[in-house]
Structure formats: structure tokens, C-alpha cells
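# sequence isn't available, so here's the structure alone:
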């Protein structure tokens, strides 16, 4: 939902959204485990954490190929 609300999937073909979602979740859990753990522990999504999440999604999207 966060990626959608923030426009990260706007340019993806509809048929690739589910694949993007699955791979993004896996990437966030593995590559950004510290961020996930911090969110789970603090249960507070502040501006810094929002920025870190946006950066993590942007980094993942650079490697996501859908052509």
C-alpha cells in the first residue's frame, strides 16, 4: 500500500504489480531487515522512517525489470 500511495507503481503495467509487490516485500525483509525490525519494535512510522522506506523502495525499483 505504501508503495502505491507514494507513486512507485504508477508506471508499471498492471500485470506486473503483483510480481513487484512480492519481490519488493522479499527485498525489504532481506536487504532492509534493520528497518523492518525497527518498525516492528517501535510501531511508530515517523518522518525519518518514511524517508528510509521510500529510499529502500526506490533502490529496489531500480533493479526491478518488467519488460
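Everything's here; your move. What you see is a predicted model, and the numbers here were worked out from it, not measured in a lab.

# against residue 14, how distant is the residue nearest in space to the middle of the chain?
When CA atoms, centre = their mean is applied to the chain, the residue found nearest the centroid is residue 57 (3.7 Å). According to CB to CB, to the nearest Å, residue 57 and residue 14 sit 19 Å apart. From N, CA and C alone the C-beta is placed, and that goes for glycine too.

# tell me who's in contact with residue 28.
Neighbour list for residue 28: 35, 36, 53, 56, 57, 60 [criterion: CB atoms under 8 Å, 6 or more residues apart in numbering].

# let's see that with 6 Å instead.
Taking CB atoms under 6 Å, 6 or more residues apart in numbering as the criterion, residue 28 is in contact with residue 56.

# mind listing what's buried along whichever strand or helix holds it?
In this structure, residue 28 is located in helix 17-31 according to DSSP states H and E. Residues of helix 17-31 classed as buried: 20, 24, 27, 28 (neighbour count, 16 or more other CB atoms under 10 Å).

# now it: average pLDDT?
Mean per-residue pLDDT for helix 17-31: 95.

# next, the angle from the helix or strand just after it to helix 17-31.
Per DSSP H and E, the first helix or strand lying C-terminal to helix 17-31 is helix 33-42. Helix 33-42 runs at 90 degrees relative to helix 17-31, counting by axes from the mean of the first three to the mean of the last three CA atoms, to 10 degrees.

# got the buried residues for helix 33-42?
Quick answer for helix 33-42 (16+ other CB under 10 Å): 35, 36, 39.

# report all helices and strands that the next helix or strand after that helix contacts.
Per DSSP H and E, the first helix or strand lying C-terminal to helix 33-42 is helix 47-63. Other elements packing on helix 47-63 under the criterion 3 or more CB pairs under 6 Å, 6 or more residues apart in numbering; DSSP states H and E are helix 17-31.

# how far does the helix it packs on sit from its chain's centre?
How far helix 17-31 lies from its chain's middle: 7 Å, per CA atoms, centre = their mean, to the nearest Å.

# same deal with stretch 56-67?
9 Å.
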